[in-house]
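**Q** Sequence plus predicted model, see below.
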There are 2 protein chains.
Amino acid sequence: MIKKEIEQEAKIPLSNELTAKKSDFSNWYTQVVHVAGILDQRFEAKGENVWKGYGYKAMNNIKAIWDKLFQDAGIEEYYFPLIVPLEYAKQNDSWWKGFETEGYQVIAGEDKKVQGILRPTGEPAMYPMFSLWVRSSSDLPIRLYETVSSYRYETKHTRPLIRDREITVWHEIHTAHATRSEAEEEMELHMRLWDQMWNDLALPVFKVKKPIWECFPGAVGAVEYYSTTPNGRVMENGSVNNLGQAYAKKFNIKFTDKDGQEKYVWQLCTGNGARLLAAVFTIHGDDHGLIMPPKIAPFKAVIIPILKKGEEDIVNKKALELYEKLKTKFPIKLDSSEKSPGKKFYEWEIKGVPIRIEIGPKDIAEKSLMLVRRDTFEKIKVKEAEVDKKIESLLQDIHKNLLDKATKMLNSQLAKASSLEEIKKNINNQKISIAFWCNDEKCYDKISKVEDGVEGFGSDLNESESGKCIVCNKQTKTRLYVAKSY
Amino acid sequence: MIKKEIEQEAKIPLSNELTAKKSDFSNWYTQVVHVAGILDQRFEAKGENVWKGYGYKAMNNIKAIWDKLFQDAGIEEYYFPLIVPLEYAKQNDSWWKGFETEGYQVIAGEDKKVQGILRPTGEPAMYPMFSLWVRSSSDLPIRLYETVSSYRYETKHTRPLIRDREITVWHEIHTAHATRSEAEEEMELHMRLWDQMWNDLALPVFKVKKPIWECFPGAVGAVEYYSTTPNGRVMENGSVNNLGQAYAKKFNIKFTDKDGQEKYVWQLCTGNGARLLAAVFTIHGDDHGLIMPPKIAPFKAVIIPILKKGEEDIVNKKALELYEKLKTKFPIKLDSSEKSPGKKFYEWEIKGVPIRIEIGPKDIAEKSLMLVRRDTFEKIKVKEAEVDKKIESLLQDIHKNLLDKATKMLNSQLAKASSLEEIKKNINNQKISIAFWCNDEKCYDKISKVEDGVEGFGSDLNESESGKCIVCNKQTKTRLYVAKSY
């Protein structure tokens, strides 16, 4: 039943014909994720998908980037159990209210007793432990993260990697500090780490400060990141939350400070996961399929032998030789299957391998190779002896080109508005609108509810310009992002 | 309540005094896992523990070894969903009978409907997909693995990393082949991969062929690995299962062969996980704590400054300089906390860091450093300029010494027996007994039930010797391993 739904609704093609990306983005996305061998969506449970080898490798390459970023910054990887006892979950009453129905509960034993809730977020398993670990100021700071799957009984339409019931490869950083200013310094650090991450993925995003009424109850503030879709919508892509002491008070995380006083800790949490890969696909892909940014591409290049009757052995031997040489330098694939070269080109384009290496009898005679860039389809003839260096420089070029192109796209999607009408117009033109706003909640509501499906996403961190709130005319340096969400 | 149980039953010490390993192994194990910062067992749910940073790093270093081993052998990493629909689970009726009560079920939504079962093993989520993926012989072989947590509602006494309800960092390889002989070749490959793994972990194990009545129903055969404990018990540590076509028939995994015939695939599965780390602790640890084999040690060495009044700055500066230099070569720790050197020695010994580097004013004056091996406590004075090379060679020596020592221990624990009485005597002397056996199930039962708690674990793969079955006197080349299980 679910299999049929996916095949019909998502129109997963029996042939590998992709729909055009720009004109029918949603179908393009669901199809390409399937056809490129990222996920298999036919697992018969809503919002749960099978990660296939190629997709999981790309995701793990992203994970390797964040592992290094975090660990180099001294943030240690931990693991907290999946099944969270109800006593833990209920320690934060407002949290529990949300997840009592949105969460999965686990039953076991002859009497089918409820054993707990599947983690929908990290806190309820983590913070009771923090409370055991923190006694004095010398136990602080705590700076750790975990990469896990989280579970939410999503009743809305699910979308692979974007809105799932099983949220796979999700990381959360959680920290605890003795003072508010230490927590704020930590927040600055995390924003620098995120900038590095966006650069590595060649993903330009916009970041906003959330208005306080949209932060976790009791929190001090939050920064959120948004990537965009070709049709001018936005997708939340990670957040850094300054939790203040709100959770510390719920979970009783306190310490005796050097002055002998008992104090609650100051906390931070950040998180993101497979949506990063979704953004990579969304932003860089084209009508031919995915384009993998070089730093996360499972294979940096694919070698395709161009066979000619009677010379198969020579070409195959040379292709294998080249493969053996290059694989010591970067992850590489030799496609020696029996398909035609045209079919292979087509399939590896869908998978988005950054460089194709063609090798045929003519190339061998000339001691050269033909390289083809996935991002521009440019063909580059290169001497065989220089192929490894050329690939390295091409990978850098491709990275730069993807980032430049995507930055231009993002900039072209941002449009200033000086009235509610203009916001509507921008959004109908598939733009993300930016408008001056006075920081007042009432004006916020008017701006962000200007039309059905439109939302305010928070304000620009940069407050160098000034202007008048488009609702009340008050002078302000704050600019609000307004768009439709994907 | 659970917290108290752990503190009392496992006698987790408030001071860091360890019990002696040999005389009270079970308590030593539970304590050292806690005190060395591997796990926190105070999470309030039976059989679920928190992995702390140091322990998780060691486990991930083991995972990195298997990732490389498997991927270099062309086995791709996949991920299959956690919540397995009941329709999938019930496809294998005999499997379902076992896990209907031993499994965790998941409920959600207003009506608390059962959504599925938490994966207790990989097959029920994987094999329905295999059935979709396999159509013709060109879709074969399938060779993949996943590293996940699995869940069993264990009613017996749990033991961290050895018997848990949440079985973390567990990998399973599953393959499907067109012919029985291909599956057998694959089995040979996996046994070679495992030999490499045991070598990297400096873990000698014994491997046995399981008698067919102890294999999965319908399977062709299985090889299992066993590590030992200091008190002469054995612990299952991974298996390679030749499943034959048993699961293919349950899950309808078939293909049209080149001869036009529809055939079921031949399958293999193997698995192991955190028990590898448990075996590392069990086999290499001593009364001072853990000893980390160099290839999985989170830090290869720890630098401890030996401060002298008035010369603190010189020593701290030099220690930092040394740290900056060495950290580019291997993962290393500088302990610049305010504890006394003695306290630091003690704590890093418990954690089992292979090499301690002491640096004090005298060493600085002499341009030398003092290295101390964790495995032998040997002190080695080394010129500062040669420290990185010396550490590298020491790490190799330590690896070799650990493997040699453990191999001797294993050999000393194996004892031949030529009668049932002798088996009993061996086991009472904390030995693992080996006895000739005719391959008949009735004789097997007599041997393996010679005493309460004693079990047969399968037969030696090496059949070069011959002798008489100790029950029926029939001539045989098969020797059975008999012991108590941990």
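**A** In hand now; what should we look at? Residues are numbered from 1 along each chain as shown, chains lettered A, B, ... in the order given.

**Q** Residue ranges of each domain in chain A, please.
**A** Taking automatic domain parsing as the criterion, chain A consists of the domains A:51-284, A:301-406, A:414-484.

**Q** and these, which is most packed in?
**A** Each of the domains of chain A was given a mean neighbour count from mean count of other CB atoms under 10 Å in any protein chain shown, and the largest, a mean of 20, is that of domain A:51-284. C-beta: built from backbone N, CA, C; applies to glycine.

**Q** ok so, going back, what's the closest of the domains of chain A to chain B?
**A** Put simply, out of the domains of chain A the one that sits nearest chain B is domain A:51-284, at 3.2 Å, with distance taken as CB to the nearest CB.

**Q** Distance to chain B added to the domains of chain A, as CSV?
**A** Formatted as CSV, the domains of chain A follow (distance: least, CB to the nearest CB, whole Å):
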stretch, distance to chain B
domain A:51-284, 3
domain A:301-406, 8
domain A:414-484, 26
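
**Q** among those, which is nearest B:R374?
**A** Taking CB to CB as the criterion, domain A:51-284 is the member of those that comes nearest to B:R374, at 21.6 Å.

**Q** any idea how far the closest one is from the chain center?
**A** The chain centroid and the centroid of domain A:51-284 are separated by 14 Å, computed with CA atoms, centre = their mean, to the nearest Å.

**Q** Next, the distance between the ends of that domain.
**A** According to CA to CA, to the nearest Å, domain A:51-284 extends 20 Å from its N-terminal end residue to its C-terminal end residue.

**Q** re earlier: any chance of the domains of chain A in a markdown table with mean pLDDT and distance to B:I355 as columns?
**A** Written out in a markdown table, the entries for the domains of chain A read as follows (pLDDT from 0 to 100; distance: least, CB to CB, whole Å):
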| stretch | mean pLDDT | distance to B:I355 |
| --- | --- | --- |
| domain A:51-284 | 96 | 21 |
| domain A:301-406 | 96 | 30 |
| domain A:414-484 | 95 | 46 |
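
**Q** Would you reformat those as CSV and include distance to B:P305?
**A** Rendered in CSV, the data for the domains of chain A read as follows (distance: least, CB to CB, whole Å):
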stretch, distance to B:P305
domain A:51-284, 18
domain A:301-406, 40
domain A:414-484, 42
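
**Q** among the ones you listed, which is nearest B:G467?
**A** Ranking the domains of chain A by proximity to B:G467 (CB to CB) places domain A:51-284 first, at 47.6 Å.

**Q** can you pull out the strands in the stretch 151-300 of chain A?
**A** A:166-177, A:206-209, A:221-228, A:234-244, A:254-256, A:262-264, A:266-272 (DSSP state E, counting those that start in this stretch).

**Q** what's the closest of those to B:A58?
**A** With CB to CB as the measure, strand A:166-177 is the member of those nearest B:A58 (19.9 Å).

**Q** For the closest residue to A:W133 other than its chain neighbours, give me phi and psi.
**A** If the residues on either side of it in the chain are set aside, A:W133 comes closest to A:D139, at 6.0 Å by CB to CB, 6 or more residues apart in numbering or on different chains. Torsion angles at A:D139 (phi, psi; degrees, to the nearest 10) stand at phi -80, psi 0.

**Q** before we move on, what about the one 3 residues further on?
**A** A:I142 has phi and psi values of phi -100, psi 130 when expressed as degrees, to the nearest 10.

**Q** and the closest residue to it other than its chain neighbours, what does it touch?
**A** Take A:I142 and drop its neighbours on the chain: the residue closest to it by CB to CB, 6+ apart is A:A176, 4.3 Å away. Listed by CB atoms under 8 Å, 6 or more residues apart in numbering or on different chains, the contact set of A:A176 reads A:F130, A:V134, A:L140, A:P141, A:I142, A:A248, A:I253, A:V265, A:W266, A:Q267.

**Q** before we move on, back to that, between the domains of chain A, which one is nearest to B:P211?
**A** The minimum distance between B:P211 and the domains of chain A falls on domain A:51-284, with 31.9 Å, by CB to CB.

**Q** Can you pull out the residues in contact with stretch A:457-468?
**A** Under the criterion CB under 8 Å, 6+ apart, external residues in contact with stretch A:457-468 comprise A:206-211, A:214, A:223-224, A:226, A:234, A:418, A:434, A:436-437, A:439, A:474-483, A:485.

**Q** How far does it stretch from one end to the other?
**A** Distance between the boundary residues of stretch A:457-468 (CA to CA) amounts to 19 Å.

**Q** center of chain A - which residue?
**A** Central residue of chain A (CA atoms, centre = their mean): A:L276, 1.3 Å from the mean position.

**Q** My guess is that residue contacts A:N61. True?
**A** No. Under the criterion of CB atoms under 8 Å, A:L276 makes no contact with A:N61, lying 10.7 Å away.

**Q** Could you report the separation of the closest residue in space to A:L243 that isn't next to it in sequence from A:K207?
**A** Taking CB to CB, 6+ apart as the measure, A:L243 lies nearest to A:Q267, with 4.2 Å between them; neighbours along the chain are not counted. Look at A:Q267 and A:K207: by CB to CB, to the nearest Å, they are 21 Å apart.

**Q** cool, A:W170 as well?
**A** 20 Å.

**Q** now do A:K408
**A** Where A:K207 is concerned, A:K408 sits at a distance of 18 Å (CB to CB).

**Q** do the same with A:V265
**A** 26 Å.

**Q** gap between the two ends of stretch A:135-145?
**A** Here the two ends of stretch A:135-145 are set 21 Å apart, with distance taken as CA to CA.

**Q** The residue nearest to A:L243 reaches A:H177, doesn't it?
**A** Yes. With contacts defined as CB under 8 Å, A:Q267 counts as touching A:H177 at a distance of 7.4 Å.
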